[in-house]
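J.: what would the 3D arrangement of this be:
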Amino acid sequence: MRAIGLMSGTSLDGIDAACVELRPRGAGYVLRLVRALTMPFEPALRAALFDAVPPRAASPAQVAALDRELGAAFAAAARAVAGGEPVDFIANHGLTLFHRGEARETLQIGSPYALRDALGATVVFDFRRADCAAGGNGAPLVPYVDALLFADPQADVVALNLGGIANVTVLARGAGPSQARGWDTGPGNMLLDAFVRRRTNGAEDCDRDGAYALRGSVDERVLHELLAREAFYLAQPPPKSTGRERFGEQLLDAHADLFEALTLPDGCATLAAFTAATIVHALAAYAPPAPRTIASGGGTHNPALMRALAARLEPLGSTLASSDEYGVDADAKEALAFALLGYETLRGRPANATGATGAARPVVLGAIVPCALEALLAKMRAELTANAPA
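T.: Residues are numbered from 1 along each chain as shown. Prediction:
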C-alpha cells in the first residue's frame, strides 16, 4: 500500500510530507520511505497563521479562510511528494490551531476535500478528537508508532520529538504499542523561534543551526527562575499535553523581566538550556534509568540544543542519537507516523496509546473522506490476508 502522510507542527514553518510504502507484518508493519519533503508556507499564509493562533483569537471567518487555504497548501505538498505516481490513501494530521489537552479541546484545520480532489484518493484526517472523546488529551499520538519503529527487547528506549513542542515516548524493553507511555515535556523549538523573531524584528524566524546559542552563555539565574515559574506544568505527572497556549510567545511576555537584560546569543543559549532541562527532568522522574534516547524533528538540526541535551543526559547514563541513525528520517518521522496511523484507521484498529494520552480506552482514530473507498478496502483486505502469519 502506498500512502502519503502530512503534518504541520506548532513551529508554523511549513508542511512535512512523506510518501511511504506500508506492508503489514504480524501485528506491525514494514515501512519504506519513498520520498519526503518540507514545503515552507508562503509568507502571507504564515503571517495569517501567526495572527490566528494563541495568544491571538481568530474569528470564525479567519478560521474558515485558513482551513481553505491550508487545504490547498496540503494538496500542493501531497502532489509534490507523490511525484506523479498514484497513491492509495492520504493521512493528514492538519495544523493545530488550538489545543488544551486537559480540557479535551483540540482543533486541527486544513480541508481534506482539497486533498481528495487533487490526488483522487481517500483521505483520513481529524485524528485527535476521538481520543479526547474517550477522556484523553488527544496527544501525543505518535507513541503508538514509536513503539512499532523503535521498541527493543534488549533496551529501554526514549523516542524524543523536537518540534515546536517537545514530546517523549518511553518504551520499556520489549514494550508494544499498548505499553507505550508518552507526554509533552514542554517547549521544543517554539520559544527559541519566538525569541529570535522578537529580537530581530521579524528579520529571522529561528536560531538557524544554533548559531546564536553557540555564541552565547547560559544565564543560570534566569534558567533556574524560569524552571521555578513554569513548575505548574513541568511538575505535573504524565500523561499530559501542552502547546502554544502555554509555551508560545506569551511566555516571553509573562517573564519579560527575565529576558530584557539578555543579549540575543545569551537568550538563545539560555532558552536552549531551558528546553533541554525540561526534557531531561521529565525523563529523570518518569523514564527507566539510562535509556537509549532517539531524537527526531527540526530541533535535531540545532547543535546547541543537541549538545545541551547530550550533556544533561550523560549523568543519567543515557545516550543521544538522531533517528536517522536508526533508518528513520528525522525530518519525516511524524509525517510517516500519520501515514501508518491512517492505515490503522482504515483497518478499524485502535491506535491511541492510552498510556500516552490518558484516554479511558483504546479507540479508532480519525475520520474518512472517501474516494473509491470500497476498492481501497478490498485491496487492503487482500494485502492483510497475503501478509497474515502462517
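
J.: quick check: residue 262 is in a strand.
T.: No: counting by DSSP: H, G, I helix; E, B strand; the rest coil, residue 262 is not found in a strand; it is coil.

J.: quick check: phi and psi at it.
T.: Note on residue 262: backbone dihedrals following degrees, to the nearest 10 are phi -80, psi 140.

J.: also residue 362?
T.: phi -70, psi 140.

J.: give me the domain ranges for this structure.
T.: For the chain, automatic domain parsing gives the domain ranges 2-141+332-386, 151-326.

J.: save the ones you listed as TSV, and put in mean pLDDT and mean neighbour count too.
T.: (Each C-beta comes from the backbone N, C-alpha and C, glycine too.) Shown next, in TSV, are these (pLDDT from 0 to 100; neighbours: other CB atoms under 10 Å):
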stretch	mean pLDDT	mean neighbour count
domain 2-141+332-386	95	20
domain 151-326	94	20
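
J.: can you pull out the strands in the stretch 1-150 of the chain?
T.: Assigned by DSSP state E, counting those that start in this stretch, the strands in the stretch 1-150 of the chain fall at 2-8, 14-25, 28-40, 89-100, 105-109, 122-125.

J.: adding distance to residue 217, write those strands out as TSV.
T.: Listed next are the strands of the stretch 1-150 of the chain as TSV, based on distance: least, CB to CB, whole Å:
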stretch	distance to residue 217
strand 2-8	34
strand 14-25	32
strand 28-40	32
strand 89-100	34
strand 105-109	38
strand 122-125	45
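
J.: nearest to residue 387, of those?
T.: Residue 387 sits nearest to strand 14-25 of all those, at 4.8 Å, using CB to CB.

J.: hey, C-alpha coordinates of stretch 225-234 in PDB?
T.: C-alpha atoms of stretch 225-234 as PDB (Å, rounded to 0.1, in the frame of the first residue of the first chain):
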ATOM      1  CA  GLU A 225      13.900  31.100  37.800                       C
ATOM      2  CA  LEU A 226      12.200  30.100  34.600                       C
ATOM      3  CA  LEU A 227      12.100  26.500  35.700                       C
ATOM      4  CA  ALA A 228      10.600  27.600  39.000                       C
ATOM      5  CA  ARG A 229       8.000  29.800  37.400                       C
ATOM      6  CA  GLU A 230       6.900  27.200  35.000                       C
ATOM      7  CA  ALA A 231       6.700  24.400  37.600                       C
ATOM      8  CA  PHE A 232       2.900  24.300  37.400                       C
ATOM      9  CA  TYR A 233       3.100  22.400  34.100                       C
ATOM     10  CA  LEU A 234       6.600  20.900  34.400                       C
END
